[in-house]
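Engineer: Everything below, folded, please.
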Amino acid sequence: MNRRLIAPDQLPSKGITLGNDQRLNLEAEGRFPKRVRLTPRTYAYIETELDGWLEARIAERDAGTPEAAKK
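Structural biologist: Model prediction:
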């Protein structure tokens, strides 16, 4: 399977401007895609998982039920 990896510094190009601490907290809560550790100090995200996360945010907006307001 061909999976494209996205480095953290590439996230803004996808419209994701969350800071590292925010991403880590959301990831720990299961509310953001998990990182893939490439080396002890390097990680990336799987693009299709990020796209799915973004699509879910759009669906919440369109449904008028933002997930953040529920928590």
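Engineer: Where does Asn2 sit: helix, strand or coil?
Structural biologist: In three-state terms, and counting by DSSP: H, G, I helix; E, B strand; the rest coil, Asn2 is coil.
Engineer: From Arg37, how far out is it?
Structural biologist: Separation of Asn2 from Arg37 (C-beta to C-beta, to the nearest Å): 20 Å. (Each C-beta comes from the backbone N, C-alpha and C, glycine too.)
Engineer: Mean confidence (pLDDT) on stretch 59-71, please.
Structural biologist: Across stretch 59-71, the average pLDDT comes to 75.
Engineer: pLDDT below threshold where in this protein?
Structural biologist: The chain contains residues with pLDDT under 70 at 66-71.
Engineer: could you pull out the strands for this structure?
Structural biologist: When secondary structure is read from DSSP state E, the chain shows strands at 5-6, 36-39, 42-46.
Engineer: Reformat these as CSV; add distance to Ala63 and mean neighbour count.
Structural biologist: What follows is these, written out as CSV (distance: least, C-beta to C-beta, whole Å; neighbours: other C-beta atoms under 10 Å):
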stretch, distance to Ala63, mean neighbour count
strand 5-6, 26, 16
strand 36-39, 30, 10
strand 42-46, 25, 16
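Engineer: so which of the ones you listed gets nearest Gly52?
Structural biologist: strand 42-46 (9.4 Å; C-beta to C-beta).
Engineer: Spit out the contact partners of Leu18.
Structural biologist: Going by C-beta atoms under 8 Å, 6 or more residues apart in numbering, Leu18 touches 11, 26, 32.
Engineer: do the same with Arg61
Structural biologist: Counting by C-beta under 8 Å, 6+ apart, Arg61 has no contacts.
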